[in-house]
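> Fold the following.
(3 chains)
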Amino acid sequence: MAETLSPLDTVLRAGRYANTAAKIGVTLSEVSPGSIVQVAAWPDTEAKVLEGIAKTTKLKLGGEPGAGAVSGNVAAFGIAPGRFLVISEDEGLADRLLGAIPATVGSVTDLSHGRTAIRIEGEKAEWLLAKFFAVDFSKAKFPVGRGVSTNHHDVFAQIQRRTENCFEVYVFRSFARSFWKALCHGAEENGYEVR
Amino acid sequence: MLITCPYCGPRDVVEFTYQGDGNRTRPDPASTDLNAWNAYVYDRVNIAGDQNEIWQHSGGCRTHLAVTRNTLTHKISSVRSTHAEPPAPPKPARKKPRAKA
Amino acid sequence: MSAIRIASGGRIDRSRAINFRFDGQAYTGHPGDTLASALLANGVTLFGRSFKYHRPRGLLTAGVDEPNALVTVLRDSVREPNVPATTVELYEGLVAESQNRFPSLQFDVSAVNQFAGKFIGAGFYYKTFMGPEFGPLKGTRFWMLCEHFIRRAAGLGRAGLAPDKSRYQRMNAFCDVLVVGSGPAGLSAAAAAADQGANVMLAEIDSRFGGSANWSGETIDGTPASAWASEAVAQLAKRSNVRMLNRTSVWGYYDTNTIAALERVTDHKPMGASGEPRHRHWNIRAGSVVLATGAFERPIVFPGNDRPGVMLASGAMRYANEFGVRTGERIAIFTNNDTAYGAALALKRTGASIVAIVDVRRDASEKARHAASECSAELLTGYAVTATRGGKMLDGIEVQPFDGQRVSGAARKIDADCLLVSGGWSPAIHLASQAGSRPVWDETLQAFLPPQPTENWVGAGAFNGAFQTADAIAEGHAAGLAATGGTNARKLTPPMVEGFAGEPNPAPVFEIKGKGKGKAFVDFQHDVTADDVRLAYTEGFTSAEHLKRYTTLGMATDQGKTSNVPGMAIMAEATGKPIPEVGSTRFRPPFAPVSVGSLAAERFGDLKPERLTPMHDWHLEHGATMYSAGLWFRPMIYGAKGETVEQAYVREAKVVREGVGIVDVSTLGKIAVQGPDAGEFLDRVYTNMFSTLPVGKARYGLMLREDGFAFDDGTTWRLGETEFLMTTTTANAGKVMQQLEYFLDVVWPDLRVHVTSVTDQWAGAAIAGPLSRKVLEACVQGTKVDNDALPFMGIVHGTIDGVNVMICRLSFSGELAYEVYCGANEGTRVWEALMAAGKPFAIVPYGLEALGTLRIEKGHVTGAEIDGRTTARDLHLDWMLSKKKPFIGSAMMDREGLVDENRLQLVGIVPLDNRPINGGAHIVEQLHEDHPMNSIGHVTAMCYSPALGKYIALALVKGGKARRGTRAYVSDPLRKRFGPVEIVSHHFFDPDGSRMHG
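Residues are numbered from 1 along each chain as shown, chains lettered A, B, ... in the order given. The predicted model follows:
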């Protein structure tokens, strides 16, 4: 891939901000994965799509809503009935998935440019997310690997818990800068670091 | 008000978009029966009580849901994906086949 | 009333002083004080002037139910009016002022209103502002003049003009059990629920948890109740499954146990920490709710009951026990129940003398008699207070024998500087009432009890009518268990509670009708008197809801917390009906005032997010004036120095017609339509055929709505056998997506098609003009772009500057043109490569204005013409309506009214005076500037056309097609633009399209 430009390039400045007297509550960063791909099954082909994902990424997803998995440089989670978001640090994932999932089994849609991935990490990550999304992010209800589709006013978001205190949020690229600013604003009371 | 999306679980009503009456049946696409089309596009019953509605979980999984909501109390008695078969009617007697477009 | 701070006790930290100012004067208080308690401790008794009559008013209560002592808090340059002084926590440097007085609180000129009271009673506005004539000013017009002055005199505090710079934030929370109120019942409920492993939230409106335990003066299991509460709070705070929020008023109970609460985060601090919000709006979704909100004491209505120095017994008791303030030296009590005897004992302990206890009941209980003698008070049973004496401060009361109905006999005067009143207790059922059904009248308590739950809540404590602390703790425990559905609970050992706790059950006495003059107030904040209630009855407003609206009883910021039941009781007496038949108004949110800022929260000052294209920064760097289109920001013009908007767009459009220009089209809606049935699906949603479109080709498509009207248009590209890329107009992208999803989900679930928004995946640049092909030839690798390789509506794949691109030859401008798509993150790179390749051809970027000009010249339609009221025929797009297949809207589009020849149809307009006309201007057949004529249509878009050298416009005109070549007029009275126009074809320029096919 040629040199690219993120919508956050002009606003993302590494450093510590706002209430730095307190312990830094969250760390915000852009992830820039090589591939973000949506895979969707037909009503009777979900098992085959999961097989295709497993074959391509070695990730085994459960069948329950929002079920996800994270391993090495790949991650995936359910975003809607029969639909999954698959993320990889490597480029070209869409083509590899297409190889495993023909049109009779499902559709593969490359969203690598269309979604911006933002990582929210730290003790106050749940607290910060709760300012934007009416979703219960407690560990009991939203364990590691689990994903969710939700929105904050006009900003649609898909969110996966990567580790206990780390979440990745996928937003539409065109909204990313606005959302980033809102995130920083919301993180001020706890002090935040941008990486 | 919360709507319990079969996929996403209970979510705030602001995540959903009302997509119209859940009782209407679309005529056969080739039909030229204007009365049937008029009924489908315009005729609505103003129900005081349980009403069938279509909602889209536009701020979530984007699935369309068949919702039964009481217009007097906002109580939602059933939610299912429009892909799912409607639940069997409570009384087994005299089952009327529901036309499906 | 000579209030003083007592030496010890309560929550006051006397070792530290806090400086504050009230009405310009400096005072000191202590940590733990409210503004009310600190002022009281400083001997201040006059807090404000009343709403309508400007009567002097002091404190009635010590909490959120306070109707009188409203103040304005000044912070930086922001004024926050109408805050009860009882809820303002003291902080260093606090500045507050009293309200509704001029020139000063002590001397207020509008106080004459109280003598004009006869003329400004209930319904004053409704009756007064219509009617008589005063010279040239007829009826209401005269009153509209007066209203300005009346409004100024009446009312509450004045809002400031300075913008509120505070930050407000919204928070979503989830819990198994929300406990509202942290008195003994609430604390006990929270502990019981937490023991069950539930995720518990506990909300307390006050700064301090503990509720009545902080001032009851009781001991629980041998410990002072306040210490018992502190210990319970400390235990709860240790648990990881309990979240405790003090300074948080739960103000709204909505459907499905959705709860709204306001947390006042920094109001008690001199300054918030960096980034800390002033208020936090909590949106709580609770599995179940424990309502332990306690009860409000209510006053008795009698003449002069609003004089400063008259306060609720529980208020004085709170000041004494919780805030360490003695409210007077010589204290009289006036009650209809036993609880006020507890207040007498508490005040006695502060060193005050209790001069008399006036009890309307013939007999007082044994317990009460004992208490009266313990505080060596004269006990006057079967008596009532019939008047108060003093000026701006109470110096005495008059009492008369009372038989439960009427007073009789001679009045006796008693000197007192403070009168404590108790008219019984009303459970704080507001949230339960919001949540659903009607409250239930309880004869014993003479109060409304909570209704049967319609949402998932459990009540506990005084809220339920359980006023004794031991009962409240037991009920709280049970409620906590019930809320979790727990069964294996530790059994509660009933606590030993000691102290005086009188029964709250009152004699059914709400009002004392004295013989003397003097207003008897029901609603202190809105100055509604007992006579006003009776007047409402006389004039036919007898139901609770009518009474409220006619007299404004209960409509003030305190929402009638102290006045609701007395008001109903007086109405009941007037109508001769029992109270429950008069009814209670349904309480509505909010329970306590809510800052508007907290509701707007993070949207304040940032109302909508900005949607930016991949090339946004490039546009800004190159002088673009941005234009907001929905949420998107798009370049309007790239103006050169000194250029007007018109000069800029005319220059840009001209370059496109003569050379080459480039425009950002990334905002177009883009939807991936994928699957084996994608072609069939598109045939059904578009009016024309798509299943026959070859791979590597694009087609212009039109969609209708189900009702047959035009919906949206755009091109759709076939990228593969089972893969299409649909484009929509920028404005309709979301709506089209929803229509597609609806039909796939609800109507044709059997089709194997997926739709996904890929608007943000692709950056798009349209490169247009006779030289556009040359620019592409200079930079595109991997594919030819000549007419054979890339014919009109053809698609090729190649690279530009190493970036994969997809190029489709299509035209919105009518020139030879191409749309170049690439991954959004590479959009700027490709754009810059195109600019570089175009440099030898003098390429210019153009904005929305030039884009609009080019399309008007061509007569292409946009959202201004596809406005939801036009059909395909109206827009001359009937050639796109396939007769070979049904599609969405096909059955309805031929209805009689939709094929009428006289419908509004798209036409071109040429102003014959060659001056600009505005969108929205009307087209008329005959012009009459003073008398607007019947409109035959309106202008939808206008520009100066560089290609034609004149101003042109598009319009929708009745029977427009038949009017081509005829004369009409533009009539725009608002903007005073009138003149002759010629109606022409909408195809102004190159009607046969030879330029774009070349």
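> And the pLDDT at residue 93?
Going with chain A. Looking at residue A:93, its pLDDT stands at 97.
> My question was about chain C, not that one.
Looking at residue C:93, its pLDDT is 97.
> repeat for residue C:111
Confidence score, pLDDT, at residue C:111: 69.
> what does residue C:782 give?
On the pLDDT scale, residue C:782 gets 97.
> quick one: contacts for the closest residue to it other than its chain neighbours?
Closest residue to residue C:782 apart from its sequence neighbours, by C-beta to C-beta, 6 or more residues apart in numbering or on different chains: residue C:798 at 3.9 Å. Bear in mind the C-beta positions are built from the backbone N, C-alpha and C, glycine included. Neighbouring residues of residue C:798 by C-beta atoms under 8 Å, 6 or more residues apart in numbering or on different chains: C:780-783, C:785, C:804-805, C:807.
> Outline the domain layout of the chain.
In the absence of a named chain, this looks at chain A. Domain assignment for chain A by automatic domain parsing gives A:15-32+A:114-194, A:35-110.
> wait, I meant chain C there
C:4-110, C:112-153, C:168-296+C:426-495, C:297-425, C:521-582, C:608-667+C:761-858, C:669-757, C:899-997.
> and the strand ranked longest in chain A, what other elements does it pack with?
Across chain A, the longest stretch assigned as strand under DSSP state E is strand A:155-163. Contacts defined by 3 or more C-beta pairs under 8 Å, 6 or more residues apart in numbering or on different chains; DSSP states H and E place strand A:155-163 against strand A:68-71, strand A:74-80, strand A:147-152, strand A:166-172, helix A:176-187.
> Let's see that with 10 Å instead.
Counting contacts by 3 or more C-beta pairs under 10 Å, 6 or more residues apart in numbering or on different chains; DSSP states H and E, strand A:155-163 packs against strand A:68-71, strand A:74-80, strand A:83-88, strand A:115-121, helix A:125-132, strand A:147-152, strand A:166-172, helix A:176-187.
> In a markdown table: these, plus mean neighbour count and mean pLDDT.
Formatted as a markdown table, the helices and strands packed on strand A:155-163 follow (neighbours: other C-beta atoms under 10 Å in any protein chain shown; pLDDT from 0 to 100):
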| stretch | mean neighbour count | mean pLDDT |
| --- | --- | --- |
| strand A:68-71 | 19 | 96 |
| strand A:74-80 | 24 | 98 |
| strand A:83-88 | 25 | 98 |
| strand A:115-121 | 21 | 98 |
| helix A:125-132 | 22 | 96 |
| strand A:147-152 | 24 | 96 |
| strand A:166-172 | 23 | 98 |
| helix A:176-187 | 22 | 94 |
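> hmm, back to that, among the domains of chain C, which comes closest to residue A:10?
Closest to residue A:10 of the domains of chain C, according to C-beta to C-beta: domain C:608-667+C:761-858, at 5.9 Å.
> Who wins on neighbours among the contacts of residue C:798?
residue C:805 (26 neighbours; other C-beta atoms under 10 Å in any protein chain shown).
> contacting residues around the residue nearest to it when sequence neighbours are not counted?
Leaving aside its sequence neighbours, residue C:805 sits nearest to residue C:822 (C-beta to C-beta, 6+ apart; 4.6 Å). Residue C:822 sits next to A:2, A:113, C:614, C:762-765, C:799-801, C:803-807, C:829-831, C:833 when contact means C-beta atoms under 10 Å, 6 or more residues apart in numbering or on different chains.
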